[in-house]
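Sequence plus the predicted model coming up.
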Amino acid sequence: MRTALTTACLLAVYFAAPLNRSFTPVTAVALVGALAALSLFVVWQVRAIVRSSSPRLRAVEALATLVPLFLLVFAACYCLMANGAGRAFSEPLTHVDALYFTMTVFSSVGFGDIVPRSQAARALTMVQMVGDLVILGFVAKVLVEAMRRGVERRARGTDGNPR
């Protein structure tokens, strides 16, 4: 329930955000900052999973929060980029279009109806592709390992002795 509420709040913030500005160097720095914050979120979640009384549930919640947050960061960037000077994409992007494009890149479906046209849009799309692989491979593995350690810790009990 908490994860669904968090995702709903993230979506509400995304759709309420004024993303009708241009993608600027400041936006690029904000993207790097957001990705760094996501990395810190993963570290914080790993610690919370290991210490949790329900490590399996906590790991699922962490992944279910991280993925939408990651996708919304890129959707916001695509929306800003599409509203900048020139034609970064094959068509103008609304909030829904940008989120749709982000999801097609994440799922590697790539229907081809929305295509990055500018070098910057293509570069950002490649950054998302690499990030997708990192989340699906490395981050998922780290969260599963944290869950395993949390389960082992719980089985030992709080004093370190087997129950």
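Alright, I've got the coordinates.

Leu38: what's it in contact with?
Residues in contact with Leu38 (CB atoms under 8 Å, 6 or more residues apart in numbering) are 66, 69-70, 73. For every residue, glycine as well, the C-beta is placed using N, CA and C.

Give me the helices and strands touching the helix or strand containing Val105, please.
Val105 is part of helix 95-106, with elements assigned from DSSP states H and E. For helix 95-106, the contact count by 3 or more CB pairs under 8 Å, 6 or more residues apart in numbering; DSSP states H and E identifies helix 2-16, helix 55-82, helix 119-133 as packing neighbours.

got a list of contacts for it?
Contacts with helix 95-106, where a contact means CB under 8 Å, 6+ apart, come from 14-15, 17, 19, 71-72, 74-76, 78-79, 82, 89, 91, 93, 110-111, 114, 125, 128-129, 132.

got it, and stretch 74-86?
Applying CB under 8 Å, 6+ apart, the external contacts of stretch 74-86 come out as 14, 17, 19-24, 27, 31, 88-89, 92-95, 97-99, 101-102, 105, 118, 120-121, 124, 128, 131.

which of those residues count as buried?
14, 19, 23, 27, 31, 88-89, 93, 95, 97-99, 101-102, 105, 118, 121, 124, 128, 131 (16 or more other CB atoms under 10 Å).

quick one, what contacts Thr27?
If you count contacts by CB under 8 Å, 6+ apart, Thr27 has them with 77, 80.

That one - that's part of a helix, no?
Yes: Thr27: assigned to a helix according to DSSP: H, G, I helix; E, B strand; the rest coil.

so can I have CSV of the contacts of Leu38 showing pLDDT and distance to Arg156?
Listed next are these as CSV, based on pLDDT from 0 to 100; distance: CB to CB, whole Å:
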residue, pLDDT, distance to Arg156
Leu66, 93, 28
Leu69, 94, 33
Phe70, 95, 33
Val73, 94, 38
